[in-house]
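Undergrad: Provided below for reference: sequence and predicted model.
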Amino acid sequence: MDYSVGQVAGFAGVTVRTLHHYDDIGLLVPSERSHAGHRRYSDADLDRLQQILFYRELGFPLEEVAALLDDQATGKADPRAHLRRRHELLTARIEKLRKMAAAVEHAMEARTMGLNLTPEERFEVFGDNDPEQYAEEVEERWGDTDEYADSQRRTASYTKEDWKRIQAEAADWGERYGALMAADEPPAGEAAMTLAEEHRQHICTWFYECSYEIHRCLGEMYVSDERFKAFYDALRPGLAEHLRDAIVANAARHTA
């Protein structure tokens, strides 16, 4: 059987102009011409076109595609070796696409804000302190870090009950830290360092892997950023600085 240029374009998902170009450069010359001079393609021509499109999909320039196929046609290349080569190229392409898909998925997750709650549920859990009000600032400051991406990935699946548990754990910790300060426990004392470590573990459990170095940086921010300082000092006056010093002491004993 033979096929018109329009039929072949339809089979292969290419344009008629592309087939004309392949003919003009000698890459795919139709086996036949009608009496009126129209191109007619054979099954062998379709096989060659399939191979051309395969190599084009892999990014080969037309000149290299022509050389590969001509070597095969003239017997310079073993057909089995040709198939093995195609298999290797496909396998490499699949792996590259897999990595690209994983990278895109990772980027999508990192861009997704993690509060999977309705407005009513957010109000129930956070009241007037909805953390999404700082979402843009957080992304601008830490959006290119692994910790940010990890936090967004984890929190994206949290339910209202998860957030309530997080809030409850934080509130309980705050009460115990306030009691510790009321008992005049020093920041470098065992009790304060234990609660500093619990603070770090809370972050590791719910948000991201918080190293001691990162924890020290957070401690400094709790003092230097007025919003964090106001939050911790509302639990007990001076708590932000006390916690910062306890975090430093706890990190020192674990990294010494």
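TA: That came through fine. This structure is a prediction, so every number in the text was calculated from the model and none was measured.

Undergrad: only C-alpha atoms for contact and neighbour calcs from this point on.
TA: Will do.

Undergrad: how many neighbours does the closest residue to residue 34 other than its chain neighbours have?
TA: Excluding its sequence neighbours, the residue lying closest to residue 34 (C-alpha to C-alpha, 6 or more residues apart in numbering) is residue 40, at 6.6 Å. Counted with other C-alpha atoms under 10 Å, the burial measure for residue 40 works out to 20 neighbours.

Undergrad: and residue 66, how far is that from residue 29?
TA: Counting by C-alpha to C-alpha, to the nearest Å, the gap between residue 66 and residue 29 amounts to 12 Å.

Undergrad: now residue 180
TA: Shown here: residue 180 relative to residue 29, a distance of 87 Å by C-alpha to C-alpha.

Undergrad: then residue 16?
TA: Taken as C-alpha to C-alpha, the spacing of residue 16 relative to residue 29 amounts to 13 Å.

Undergrad: pull out the buried residues from the helix or strand containing residue 67.
TA: When secondary structure is defined using DSSP states H and E, the element that contains residue 67 is helix 62-73. Of all the residues in helix 62-73, those buried under the rule 16 or more other C-alpha atoms under 10 Å are 62, 65-66, 68-69.

Undergrad: and if you look at stretch 156-168?
TA: Neighbour counts using 16+ other C-alpha under 10 Å place 156, 160, 163, 166 of stretch 156-168 among the buried residues.

Undergrad: dump those into a markdown table; add secondary structure and pLDDT as well.
TA: Converted to a markdown table, those look like this (DSSP: H, G, I helix; E, B strand; the rest coil; pLDDT from 0 to 100):
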| residue | secondary structure | pLDDT |
| --- | --- | --- |
| 156 | coil | 78 |
| 160 | helix | 79 |
| 163 | helix | 83 |
| 166 | helix | 88 |
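
Undergrad: ranges for the strands of this protein?
TA: Assigned by DSSP state E, the strands in the chain fall at 2-4, 32-33, 39-42.

Undergrad: want to try JSON lines for the ones you listed, with mean pLDDT and distance to residue 187 as columns?
TA: Conversion of these to JSON lines gives the following (pLDDT from 0 to 100; distance: least, C-alpha to C-alpha, whole Å):
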{"stretch": "strand 2-4", "mean pLDDT": "90", "distance to residue 187": "85"}
{"stretch": "strand 32-33", "mean pLDDT": "92", "distance to residue 187": "90"}
{"stretch": "strand 39-42", "mean pLDDT": "93", "distance to residue 187": "85"}
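
Undergrad: okay, and for the stretch 51-200 of the chain, where does confidence drop off?
TA: Screening the stretch 51-200 of the chain residue by residue with the criterion pLDDT under 70, one finds the ranges 73-79, 82-83, 100-143.

Undergrad: residue 231 and residue 221, how far apart?
TA: Computed as C-alpha to C-alpha, the residue 231 to residue 221 distance reads 12 Å.

Undergrad: same question for residue 43.
TA: 71 Å.

Undergrad: which one's more surrounded, these two?
TA: residue 221 (16 against 12).

Undergrad: what segments of the stretch 101-250 of the chain are helices?
TA: Taking DSSP state H, counting those that start in this stretch as the criterion, the stretch 101-250 of the chain carries its helices at 119-126, 135-142, 146-155, 160-182, 190-206, 212-224, 226-235, 239-255.

Undergrad: quick check: which of these is nearest to residue 12?
TA: Minimum separation from residue 12 across the helices of the stretch 101-250 of the chain (C-alpha to C-alpha) falls at helix 146-155, 40.9 Å.

Undergrad: pull out the buried positions in that closest one.
TA: The neighbour-count check on helix 146-155 (16+ other C-alpha under 10 Å) flags 147-153, 155 as buried.

Undergrad: again, but for stretch 179-192
TA: Within stretch 179-192, the residues that count as buried by 16+ other C-alpha under 10 Å are 180-181, 187-188, 192.

Undergrad: and for stretch 168-178?
TA: Of the residues in stretch 168-178, those with enough neighbours to count as buried (16+ other C-alpha under 10 Å) are 173-174, 177-178.

Undergrad: nearest to residue 55, out of those: which one, please.
TA: Sorting the buried residues of stretch 168-178 by distance to residue 55 puts residue 173 at the head of the list, at 61.7 Å, by C-alpha to C-alpha.
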